Each structure stands twice: as C-alpha cells, then as structure tokens.
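**Student:** what follows is a predicted protein model with its sequence.
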Amino acid sequence: MIKRDIVDSIIEHLDEKEITVIVGPRQVGKTTILDQIERYLLEKKGINPSNIFRFNLDLVRDLTFFQDQGDVISFIKSRKKESEVMYFFIDEVQRLENAGVFIKGIYDLNLGVKFVLTGSSSLEIKSKVHEALTGRKKVFQVMPLSANEYLRYVDKDLFEVVEKGEDLIEYDAERLIRILSEFVVFGGYPRVVVEQSSEKKSSILEELYTSYLEKDILGFLKVRNIMAFNKLVSLLAIQAGSLLNVSQLAGEVGLQVKTVEQYLNDLVNTFVISLVPPFFTNRKKELIKTPKVYFIDTGLRNFALGRFENLERRDDKGALFENAVASELLKIIKAPTTLHYWRTLQKAELDFVVRSGDGKLTSIEVKAKRLKEISLSRSYYSFLAKYRPQKALLVNYDLRKEAKVKDYSLKACLVFDLQSEITNYFSPN
C-alpha cells in the first residue's frame, strides 16, 4: 500500500471531537485512507468493529439512509454504547443535500459520534459543508502523490539516499532521472502509479478523466457543452505555465468570456488546474493581474494533450517540468503561505516565488536539464537584488549544491528536495 504522509496527521485528529473532513480529487486515494484509518482503529486502538460504520454516498442504498435526519439519530441512539465512541465514515458526503446542516444537527446533539467525511469537489464541499460546520471541523486536503511519496513507493532504497541529502553518484543520478521522467509524464494518481505498463497508465488516466466528466462536470456542475469544455482543457494543457488570456481562449473555444471564466472556476474547484497569481509587494495588484495556469497533476495534463513520450524526448519538456515543480509546490504549500510567479514590464521573469504569511520569501528558478554548476540568470539576479529573499533555489534534474553567485547564496536542488526546503521555512503558523 502506498504510504501517504497526511495519514498520520489525520489519525492524530481522530481523538478530537471536531469533524474530520478529507477533501481532494476523485480517485486520489481518500477511500484507501479511510481503510487505513479503520485498520488503525481496529488494530491499534482496539475499537470494537460494531462501533465503526462506513457509508459511501455514491451508492443509492447509503444515500437513501441519510435522507431523514431523525432516522439517523434514532439509528445512532439504538446502537450507541454509553462509554464508547461511535465512528461514522461518510465517503462522498457532497452527495447529501444540505450535508453540512444535516451533519451539524447530529453533531450538536453530542451523541458521542466521531464523524470522518470525504468529498471530491471543493465547490460542493464549500457550498454544502464548510459554512454550516464552521468551528466544528478540520479539513485535510489529499492530492495526487507528491514527488517524495512517489519515490518512496517505487524505489525505497533510492528514496533513503535522497532523504539523507547526499550527492548522487552517477548510477543513482541516472536512476533518479528515469524515475523523475516517469513521474512527470504520468503523474501521481495512485492507480496510475501502481501500474507498470505505459499503456495501462494512459488507459487509467482516460478512465479517471471520463469519470470526472460524468460525475463532476455533467453530474454536479451541469455543464452541457462538453465538447467546448474538453477543448478548453486541451488548450490549457498546451498553455500550461503561460499567462492566461481568457478572451483569447473564449475565441478559440467559441464561448462567451463569462462562460470560460465559469469553466475555469469549475476546473480550479474540482482540483484539475490552479491559477498562480503574479508576485507584487502591492497586494491589491495581485487581484487584478493575469495569472499563470498549471495542472495539479501532470499526468492529466499529458492525457489532455495525448502525449506520453519520455521527458527528455519532448519538445515541451521545459513547460512540463515547470508544471511538475508547480504541482509539487501546490501540494506542499499551506495557507497562509502563497505561490506566485514574477514578471516585470521589462520582461524579466522568475518561475516561482513562495511568500509566507509573515513575508518570508523563497525564489525558485526551474531548469529542465542536468546541471554541472550553478549559474545565475539576469532575471534571477534582478529579483534577488530587488527583494533579497531568505532562500534562493535552482530546481534541476540532479545537481545538489550550494554556491555564492554575485554575493547571493543559491542552492541547486531536486524536485524531491522541495518538501524539506519549503516546509523548513514556510510551515503554517
């Protein structure tokens, strides 16, 4: 079973009265995490199996059970043992009409029930769960596998080498780059990761996307012009890492600007893309300036393009590797820390800037290649001179080295190093 880093934090929260809410894309492993939590309760905590109830609201039978709040309350009271906690695991809770109000009513009765909820659409979760459960929940976001989770699963020995922060010998570097290419090309969805053949991986990505269209886009969001929606996704895949021009997209797709904006919002709230704003010291400007678009999972991005060539044989390897770094950062960063790009009117650019709530900065330039030495681009030098970030990184395939360049300290690192490099400086307050 793939070890997910977030599971330990979720397990710690089981002892809290608060409702545990697990959100993330479809088929990202939320149900598997529920399996792991249940196993922990049974094997480590010694919870009686009769006190654990599992519901999947994608199933008509389970959804029907939750149609009457009074019936659910009666069910709990008839089975609740006075001194013991009852656990209710509810998968795909957004399927329940007025889910937040429904669960809140039961929670406020203090019946001794620990609720663990999962949901696949942040749009639905926000509208149906978050507001009603204010002050009564903690949310855990589960995304496709991070680079570290992926490496630990596919090659534990190499993962341990990387974790120690040691220089890679030639053999390790070659092996790591092969693994990196596989991860960047096919992404981190668990069902994709566990498959061996490229054909099977691409087939599962197609199945994942089709399920997403049927359940989220057609089912919940009621998008009817599915051909235009698909064309928009393909265009966004081509433009990943580029400035988002909504008017141009609307013209190419043949839709009104307002409709394209709604589709973009849907894609963001169903965990397909993220819109990264520019970096300014004037916060108001960030709300009106053009964002860049990135896919949360590079496998889905490549599926939208119909391209699964090896990373090094691609003419878009720069954009693809940049998207992989963006995806990794988006998985790592937690509010109030934010992710940005930097660009001036004179066209000086920097790929990413990470800013914490207290103003700490990390600057990141991405190089889709092997490096022998650290070098500083003119744009990067301009950013360092103007903003003097606390940390400056150069993400590449295999070089791990620190150096002084023009009086500035730079650190070359791997995608697999980002989690430690960022969390050391930007842990949530």
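**Tutor:** Right, received. Where do you want to start?
**Student:** surely Trp20 forms part of a strand?
**Tutor:** Check again: residue 20 is Thr, not Trp. Yes: assessed with DSSP: H, G, I helix; E, B strand; the rest coil, Thr20 lies in a strand.
**Student:** ok, now which ones touch the nearest residue in space to Ile238 that is not next to it in sequence?
**Tutor:** Distances taken as C-beta to C-beta, 6 or more residues apart in numbering place Leu305 nearest to Ile238, at 6.8 Å, with adjacent residues excluded. C-beta here means a position set from N, CA and C on the backbone, and glycine is covered the same way. Going by C-beta atoms under 8 Å, 6 or more residues apart in numbering, Leu305 touches 234, 237-238.
**Student:** mark which of those residues are part of helices, please.
**Tutor:** 234, 237-238 (DSSP state H).
**Student:** buried among those residues? Need that as a selection in PyMOL.
**Tutor:** In PyMOL, this line selects whichever of the ones in helices among the contacts of Leu305 come out buried by 16 or more other C-beta atoms under 10 Å:
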select buried, resi 234+237
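**Student:** nearest to Phe89, of the ones in helices among the contacts of Leu305?
**Tutor:** Ala237 (35.1 Å; C-beta to C-beta).
**Student:** who touches the residue nearest to the spatial centre of the chain in this structure?
**Tutor:** Centroid-nearest residue in the chain, with C-alpha atoms, centre = their mean: Met143, separated by 3.7 Å. Listed by C-beta under 8 Å, 6+ apart, the contact set of Met143 reads 24-25, 28, 188, 271, 296, 330-331.
**Student:** so which of those residues sit within helices?
**Tutor:** Under the assignment DSSP H, the contacts of Met143 contribute 330-331 to helices.
**Student:** coming back round to it: can you lay out the contacts of Leu305 as JSON lines showing distance to Gly100 and pLDDT?
**Tutor:** JSON lines is the format used below for the contacts of Leu305 (distance: C-beta to C-beta, whole Å; pLDDT from 0 to 100):
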{"residue": "Ser234", "distance to Gly100": "35", "pLDDT": "96"}
{"residue": "Ala237", "distance to Gly100": "34", "pLDDT": "97"}
{"residue": "Ile238", "distance to Gly100": "38", "pLDDT": "97"}
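**Student:** in JSON lines, list the residues you listed along with distance to Ser202.
**Tutor:** Below are the contacts of Leu305 laid out as JSON lines (distance: C-beta to C-beta, whole Å):
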{"residue": "Ser234", "distance to Ser202": "15"}
{"residue": "Ala237", "distance to Ser202": "14"}
{"residue": "Ile238", "distance to Ser202": "18"}
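**Student:** kindly indicate which of the ones in helices among the contacts of Leu305 lies nearest Ile52.
**Tutor:** Nearest member of these to Ile52, counting by C-beta to C-beta, is Ala237, at 41.6 Å.
**Student:** what residues are up against the closest residue to that closest one other than its chain neighbours?
**Tutor:** The shortest distance from Ala237 to any non-neighbouring residue, by C-beta to C-beta, 6+ apart, is to Ala304 (3.8 Å). Contacts for Ala304 (C-beta under 8 Å, 6+ apart) come out as 209, 233-234, 236-237, 295.
**Student:** out of the ones in helices among the contacts of Leu305, which one sits closest to Gly318?
**Tutor:** Nearest member of the ones in helices among the contacts of Leu305 to Gly318, counting by C-beta to C-beta, is Ile238, at 13.5 Å.
**Student:** picking up where we left off before, what secondary structure does the residue nearest to the centre of the chain sit in?
**Tutor:** Under three-state DSSP, Met143 comes out as coil.
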